[in-house]
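Trainee: structure for the following, please:
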Amino acid sequence: MSVAANRYQEELKRIKKNVEQSYLYNKHNVDRWNKFRYAAFVSSISDEDRKVLSLLKMPELEFNGLEAYISRLRGEFSKQEPSIVVRPGFGTQTDPQTVSIVEGHLRHLIADADKDSFSYDVYTDMLSGGFSVIKIYTDYADERSFDQVIKIERTFDPTMCGFDPVSSKPHKGDGKYCCECYPITKDDFEQQYPGVDTSRMKFSKMGDFSWSYSNEMGSEKVILLCDYYEKTKKRTKIVRLSNGASMTSKEYQEFVDKWELSQRIEQVPQIVDARMSDIQVIVRYRLVENTVIDYTETDYNQLPLVLARGNSLTLRKNENGSIQEFHRPYIYHAMGVQKLKNMAGQSLANELENMIKHKFIAPIEGIPDGEEEAYRDVQQASVLFYRSYLDNDPNIPLQRPEPVVRPPMPPEIAQAFGMSDQAMQNILGDFAADLSRIGDAGLSGIAIQESATLSNAAAMPYICGYLQAMTQVASIIVDLIPKYYVTPRTIPTQGIDGKKSYVTINSQGAPSISYQSNSLKVEVEAGVNFSIQKSRALQQIIALMQASPMFAQFMNSAGLEVLLDNIEIRGADQLKAMVSQFMQQQQAHQQQSQQMQQQMNPVVVNAKLQQLEIQRKSAKDQSDARLKAAELGLKQRTIDNDTHRVAIDAATASAEISTTTDRIDAEKERAAVDLAIKAADTTHSHQVDIAQQQFALAQHHLDKSKHIYSVARDAINDARDYAKQSMSSQGISQDLEQDDAQDAEQDGASDSEQT
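Mentor: Numbering: from 1, shown residues only. A predicted model of the protein is given here:
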């Protein structure tokens, strides 16, 4: 990633000052956050306490009771489902279907984040440390997706987040800036940001706030990477569209691009008006100690970091002091009692550890030589020898060894150890534990439940702080939805009953998620889902059913699902589904019964008989009318048949005449063809006779020529034979044989030619 432009580097000093100022302003809360979380979940004995115990040679024992109270409240909170309500803003008109979709999608986002213990971790931070920080961001749905989704999560380290000190609202959304810092090793940083020069970083020892430092062992260098969000005003051109929506010109261009990419049939809304305005923009600087790495104009309309504070208040230490915000953990005032219990337990353990079987007082002169060890190690039982007289002089008796009476352990130690639990319960407002143990002795179950409800109420400041933070988170998400859910897509939703489904938006025939940022208001309220509150509600419903038979009838007929929502038994979800099916069957059976009762009513029966009589008369009249219409139709068809028959006869006669004419013409043509064929046959016969005569004459001449040739050849052969005989005596017979062969070849060729 390249380093941001030089004009953003000029803001580095100012931004670093704001980040450091926000950290120092909240430092006392951060120290308290770390201290009390360590005491609750790790050890309630500090390092200073361990040094003192080591000097006093007392056991380093602790009796941590703080985590149990936090864990109980966390367990109760895990059963709670926040109630999300989305409604149109004052003076605005929004499609009710759009409101329902946005509300269901908000429930899905929170439920999806809770899969990673989002709400549980935030509430744990608030109880144990006094505050937490929630982050809203956008990301692609997966590595292959082009659609961005909105996500929420607890920040990596709430103590590394800072807010504008002048902000006054609990969620800090009214501040001018906020920031989140991440520690990252130097090697990883150089790999992610190779263009940033780290040679000028100090890497000093870790102090109150260090942008770069070495860890405690000095073996690894760490760089603090900061995301700084700030509100700023920007002169921007805004446009109003034909559908009533308004946006910046840049947003409109992106809107048109996404519209065309989605290949929607309808025409994109056109601009009908435009003007210049100062728009609030949230910008993000990403920086380190000496460089602004990145600058981005985000789509947020509010700061994306939300503070979730517990039982907090704003106070001034003295008249001339500055106002500070004080975040208190749930166990803040119980820490003193926890230390008292640890000290009492350690003292008690020390008494038990140092308790011996016996002690003796004996004069030195009275201890025989070699028996000193038995007097020193009195823990081991042995026989103690002593001298009765000094130097065996009976005139000088010695005091015999006497056991020392051990003083009892002060009762205040055991009393302090025992009373610390009751004091801790009183301080934390938790009354359920003790009352449940003595319930059989004189307290009813109602009293126990009332005390448990009061214990839940003692933690309500933290529930209220969580709900305030979640309301701000939901408002930011509602503002982001129309900016990112522009193209046609399918989004998940979750109903009030917890059932999940998918809804198609921004396509033809589907609802369009397009609204102004201030047209929807959202509020997150506490759901009645605590186990004690459920039990209490169940008892109230049963009492009302016993007091009012009409209410009991109503609950048995239509309110069974509400009754089952307040019970906690195994298979409750399955029972709810079965009850839903049962109710549908009952409604169908009731409708059938009502229909049967209506059918058996005499008035209804008479009305039906009269209606049947009217229907019978009407049917008879309709039948008579159809019969008359059928007779008229039959007569008309008879006339039509006669007309068709006459036409058919005329057509038949005309066809016969035409057929006769065609037959006569065909006979004439056939006779002419026969005459032509006969003439052709006669001519052909004459031509064949002439050809045969010519062939016979040619054959005769050929035979005659062959005869003449044969006679001539015979004469030539005779002459040749005579010549051979006459020349054989002269030695030239061989030449004659060659001539004979040539003559034979010539004769053969001549025969072929003749043939």
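Trainee: so Ala526 touches Tyr462, yeah?
Mentor: No. With contacts counted by C-beta atoms under 8 Å, Ala526 stays clear of Tyr462, the gap being 11.3 Å. For every residue, glycine as well, the C-beta is placed using N, CA and C.
Trainee: pretty sure Pro183 is in a helix, no?
Mentor: No. Under DSSP: H, G, I helix; E, B strand; the rest coil, Pro183 falls outside any helix and is assigned strand.
Trainee: distance of it relative to Thr159?
Mentor: 11 Å (C-beta to C-beta, to the nearest Å).
Trainee: these two: which is more packed in?
Mentor: Higher neighbour count among Pro183 and Thr159: Thr159, with 21 against 14, using other C-beta atoms under 10 Å.
Trainee: so the spatially closest residue to that one that is not a sequence neighbour, which state does it fall into?
Mentor: Of all residues not flanking Thr159 in the chain, Val30 sits nearest, at 4.4 Å (C-beta to C-beta, 6 or more residues apart in numbering). Recorded secondary structure, Val30: helix (three-state DSSP).
Trainee: isn't Val30 right up against Cys161?
Mentor: No. Between Val30 and Cys161 there is no contact under C-beta under 8 Å: 9.8 Å.
Trainee: and the two? Which one has more around it.
Mentor: A count of neighbours by other C-beta under 10 Å puts Cys161 above the other of Val30 and Cys161, at 26 against 22.
Trainee: ok, now which ones touch the closest residue in space to that one that isn't next to it in sequence?
Mentor: Ranked by C-beta to C-beta, 6+ apart and with sequence neighbours excluded, the top spatial neighbour of Cys161 is Val133, at 4.4 Å. Residues near Val133 by C-beta atoms under 8 Å, 6 or more residues apart in numbering: 154-155, 158, 161, 180, 305-308.
Trainee: is it fair to say Arg144 lies in a strand?
Mentor: No. Arg144 is assigned coil when assessed by three-state DSSP, not a strand.
Trainee: so what sits opposite Asp278 in the bridge?
Mentor: Residues in a beta bridge with Asp278, per DSSP bridges, are Arg235.
Trainee: quickly find the element holding Lys233.
Mentor: Assignment of secondary structure by DSSP states H and E places Lys233 within strand 221-241.
Trainee: report the buried residues of that strand.
Mentor: Buried residues in strand 221-241, counted by 16 or more other C-beta atoms under 10 Å: 221-231, 238-241.
Trainee: keeping just the C-alphas, turn that strand into PDB.
Mentor: Listed next in PDB are the C-alpha coordinates belonging to strand 221-241 (Å, rounded to 0.1, in the frame of the first residue of the first chain):
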ATOM      1  CA  LYS A 221       9.800  -4.600  18.300                       C
ATOM      2  CA  VAL A 222       6.100  -3.500  18.200                       C
ATOM      3  CA  ILE A 223       4.500  -0.800  16.100                       C
ATOM      4  CA  LEU A 224       1.200   0.800  17.000                       C
ATOM      5  CA  LEU A 225      -1.100   1.100  13.900                       C
ATOM      6  CA  CYS A 226      -4.000   3.500  14.300                       C
ATOM      7  CA  ASP A 227      -7.300   3.900  12.500                       C
ATOM      8  CA  TYR A 228      -8.400   7.500  13.100                       C
ATOM      9  CA  TYR A 229     -12.000   8.400  12.200                       C
ATOM     10  CA  GLU A 230     -13.000  12.100  12.100                       C
ATOM     11  CA  LYS A 231     -16.000  14.200  11.100                       C
ATOM     12  CA  THR A 232     -15.500  16.800   8.500                       C
ATOM     13  CA  LYS A 233     -17.600  19.100   6.300                       C
ATOM     14  CA  LYS A 234     -17.300  18.800   2.500                       C
ATOM     15  CA  ARG A 235     -18.800  21.100  -0.100                       C
ATOM     16  CA  THR A 236     -20.700  18.700  -2.300                       C
ATOM     17  CA  LYS A 237     -23.300  18.700  -5.000                       C
ATOM     18  CA  ILE A 238     -26.500  16.900  -4.000                       C
ATOM     19  CA  VAL A 239     -29.200  15.800  -6.400                       C
ATOM     20  CA  ARG A 240     -32.900  14.900  -6.000                       C
ATOM     21  CA  LEU A 241     -34.200  12.000  -8.100                       C
END
